[in-house]
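Undergrad: here is a sequence with its predicted model. Questions after.
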There are 2 protein chains.
Amino acid sequence: MTEPFPPSAAVHDVSRRVDLTLCAPEEQPRLRADAARNRTRLLEVAAKLATERGAANVTMEAVACAAQVGKGTVFRRFGDRAGLMLALLDHHEQQLQAAFLTGPPPLGPDAPAAERLRAFGPAVMRHEQANRDLYLAANADLRRHFGSPAYHLRVGHVALLLRQLRADVDTALVAHTLLGSLEITLVEHLLAQREMTMERLEAGWYELVARLCVEA
Amino acid sequence: MTEPFPPSAAVHDVSRRVDLTLCAPEEQPRLRADAARNRTRLLEVAAKLATERGAANVTMEAVACAAQVGKGTVFRRFGDRAGLMLALLDHHEQQLQAAFLTGPPPLGPDAPAAERLRAFGPAVMRHEQANRDLYLAANADLRRHFGSPAYHLRVGHVALLLRQLRADVDTALVAHTLLGSLEITLVEHLLAQREMTMERLEAGWYELVARLCVEA
DNA sequence: GAGGAACCGGACCGTGGTCCGGTTTCATTT
DNA sequence: AAATGAAACCGGACCACGGTCCGGTTCCTC
């Protein structure tokens, strides 16, 4: 399993305001020409297959085959299925990250921390819901999910906001808890249940944030 | 996939005090003699294999083979791997359930709701940690996990306590959130990280409960 | 251009899950 | 009690997919 989280999963140039200093850029050693070519071809093909037959039904072999490439190549590049999905997700994830790292208020840095945190939950839920099957496929292996730079970045961001709010809590832990309530499989399950609408989930998030941020 | 949650996954006779009325007993149509025989043999063998080589390394085929039975039989009985693990877990899970449904304080019904809720988190975390690999294997398929009677029962219990506490919140939703912070993969990940001890997680739970239960 | 590292392909394996012809069990009838 | 018919069950061959491996090839450096 090489290169578990390839190119640009987390940090990209943050021009307006530096928000976080986690996740050192750390370019991986650079790809050989043919390898890079294959990589992009694989991603293109995978994206195409994902849209036309659903991310859940995209087979590693199918990707390899459609990209005129051996199966081994796919695995060497992305490690495993979850890795490929994560890479596929990378683009979307970056959009989300850009939204709360450098985007406009209320998500971005020009809003007060309290509003940013409030807006964060719905943004994540809506974003993940918009790319449901991709996120579901990528988070199939939970251990990997918690280790991913994307998750790491979210935790860091929420923890930062909590600290800015001077909330008298274990910020790191609370950040994980907050993210837990946004976990896509949970949201998915709640929406499938009766009576749980997106609006209700958002209201729940607001309430949660409010209760966790009152100063001791 | 027949019989997704077989015998006694959730409700057993609650003699002291009726706490919940979810999960109608609903005996499934009764098993044929040979089927029942095979079922118990399979569970025995699976348990043995699980203890001696770790639940993660228990193969469906190995179980079938060791029980002198066709592979198809295992799958018909338990649906899939997660189903088998869930069945294996059933016994342990019942112990936990008994502890907070009918057990002694502070978990059981003779303690005030606030204390019961406080005690609930650590109890669950410790219990799941004690049977780590089994729970991890059983929760591999998250969708199944959220649908399981065991999870359902936990949610119902927490929601009940919240209602008894007159907490002015969306009890159902908060119950899910609270359980989310106990999710084994998350706990596992946090414990593996630096600085996160069991004590810290428990403190976090107390804080969480306290904040969510103050009356509006 | 030569050497070596990185990469490629596809045969190979293990495991989860399905399928279906044959067998067993059980309720009912005689 | 014995027979009988059908539903439930059994076994293991079979398939698909994720993941590994290694001999041969390609690319970059010097």
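TA: That came in fine, so what should we check first? Here the structure is a predicted model, which means the values were calculated and not measured.
Undergrad: number of residues surrounding residue A:195?
TA: Residue neighbour count, defined by other C-beta atoms under 10 Å in any protein chain shown, stands at 7 for residue A:195. C-beta: built from backbone N, CA, C; applies to glycine.
Undergrad: using the three-state scheme, assign it.
TA: The three-state assignment at residue A:195 reads coil, by DSSP: H, G, I helix; E, B strand; the rest coil.
Undergrad: so who does it touch?
TA: residue B:172 (C-beta atoms under 8 Å, 6 or more residues apart in numbering or on different chains).
Undergrad: what is the neighbour count of residue A:101?
TA: 21.
Undergrad: ok, residue A:44 next?
TA: Using other C-beta under 10 Å: residue A:44 sits among 12 other residues.
Undergrad: next up, the contacts around the closest residue to it other than its chain neighbours.
TA: Closest residue in space to residue A:44, ignoring its immediate chain neighbours: residue A:67 at 7.9 Å, by C-beta to C-beta, 6 or more residues apart in numbering or on different chains. By C-beta under 8 Å, 6+ apart, residue A:67 lies in contact with A:38, A:41, A:42, A:44, A:45, A:74.
Undergrad: and those, which two are furthest apart?
TA: A:44 and A:74 (13.0 Å; C-beta to C-beta).
Undergrad: check whether the lowest-mean-pLDDT helix or strand in chain A contacts DNA strand D.
TA: Least confident helix or strand, chain A: helix A:142-147 with a mean of 84, by mean pLDDT, DSSP states H and E. No - judged by C-beta under 7 Å from any atom of the strand, helix A:142-147 makes no contact with DNA strand D; its nearest approach is 9.5 Å.
Undergrad: quickly find the element holding whatever residue of chain A ends up closest to DNA strand C.
TA: Taking C-beta to the nearest atom of the strand, DNA strand C has its nearest neighbour within chain A at residue A:72, 1.9 Å off. For residue A:72, the element it lies in under DSSP states H and E is helix A:71-78.
Undergrad: can you name every helix or strand that that helix contacts?
TA: Counting by 3 or more C-beta pairs under 8 Å, 6 or more residues apart in numbering or on different chains; DSSP states H and E, the packing neighbours recorded for helix A:71-78 are helix A:33-53, helix A:60-66, helix A:81-101.
Undergrad: wait, does the least confident helix or strand of chain A make contact with chain B?
TA: Yes - using C-beta under 8 Å from any C-beta of the partner chain, helix A:142-147 reaches chain B at A:142, A:143, A:146, A:147.
Undergrad: name the residues that touch that helix?
TA: Residues contacting helix A:142-147 (C-beta under 8 Å, 6+ apart): A:82, A:83, A:86, A:138, A:139, A:151, B:142, B:185, B:186, B:188, B:189.
Undergrad: most neighbours, which of those residues?
TA: Counting by other C-beta under 10 Å, top hit in the contacts of helix A:142-147: residue A:86 with 28 neighbours.
Undergrad: and the gap between residue A:114 and residue A:105?
TA: 12 Å (C-beta to C-beta, to the nearest Å).
Undergrad: again, but for residue A:96
TA: Counting by C-beta to C-beta, the gap from residue A:96 to residue A:105 is 16 Å.
Undergrad: pick out whichever of the two has more residues nearby.
TA: Higher neighbour count among residue A:96 and residue A:105: residue A:96, with 22 against 12, using other C-beta under 10 Å.
Undergrad: so that one touches residue A:125, yeah?
TA: No - when contacts are counted by C-beta atoms under 8 Å, residue A:96 is not listed as touching residue A:125 (11.1 Å).
Undergrad: tell me how many other residues surround the residue of chain A found nearest DNA strand D.
TA: The nearest approach of chain A to DNA strand D comes at residue A:33, 2.7 Å away (C-beta to the nearest atom of the strand). Using other C-beta under 10 Å, residue A:33 has 7 neighbouring residues.
Undergrad: one more: residue A:122?
TA: A count of neighbours around residue A:122, defined by other C-beta under 10 Å, yields 18.
Undergrad: right, and it touches residue A:204 too?
TA: No - checked against C-beta under 8 Å, the pair residue A:122 and residue A:204 is beyond contact range at 10.5 Å.
Undergrad: hey, what's in contact with both of these two?
TA: With C-beta under 8 Å, 6+ apart as the test, residue A:122 and residue A:204 reach no residue in common.
Undergrad: and the residues of helix A:142-147 next to chain B, which are buried?
TA: A:142, A:146 (16 or more other C-beta atoms under 10 Å in any protein chain shown).
Undergrad: ok, and which of the residues of helix A:142-147 next to chain B reach DNA strand C?
TA: Of the residues in these, proximity to DNA strand C by C-beta under 7 Å from any atom of the strand holds for none.
Undergrad: right, and out of the residues of helix A:142-147 next to chain B, which lies closest to residue A:110?
TA: residue A:146 (30.3 Å).
Undergrad: which residues of chain A score low on pLDDT?
TA: Along chain A, the model assigns pLDDT under 70 to residues A:1-29, A:215-216.
Undergrad: can I see the domain layout of it?
TA: A:29-79, A:90-213 (automatic domain parsing).
Undergrad: of those domains, which approaches residue B:156 most closely?
TA: domain A:90-213 (13.0 Å).
Undergrad: how far does the closest one sit from its chain's centre?
TA: Once both centres are worked out by C-alpha atoms, centre = their mean, to the nearest Å, domain A:90-213 turns out to sit 9 Å from its chain's centre.
Undergrad: quick check: residues of chain A near DNA strand D?
TA: So far as C-beta under 7 Å from any atom of the strand goes, chain A lies against DNA strand D at A:1, A:32-34, A:59-61, A:71-72, A:75-76, A:80-82.
Undergrad: name the nearest of those residues relative to residue A:100.
TA: residue A:82 (23.7 Å).
Undergrad: tell me the spacing between the closest one and residue A:141.
TA: 5 Å.
Undergrad: one more: residue A:76?
TA: In terms of C-beta to C-beta, residue A:76 sits 18 Å off from residue A:141.
Undergrad: which of these two has more neighbours?
TA: Shown here are residue A:76 and residue A:141; by other C-beta under 10 Å, residue A:141 has more neighbours (19 against 14).
Undergrad: thought residue A:172 was touching residue A:158?
TA: No - contact criterion C-beta under 8 Å: residue A:172 and residue A:158 do not qualify, at 9.4 Å.
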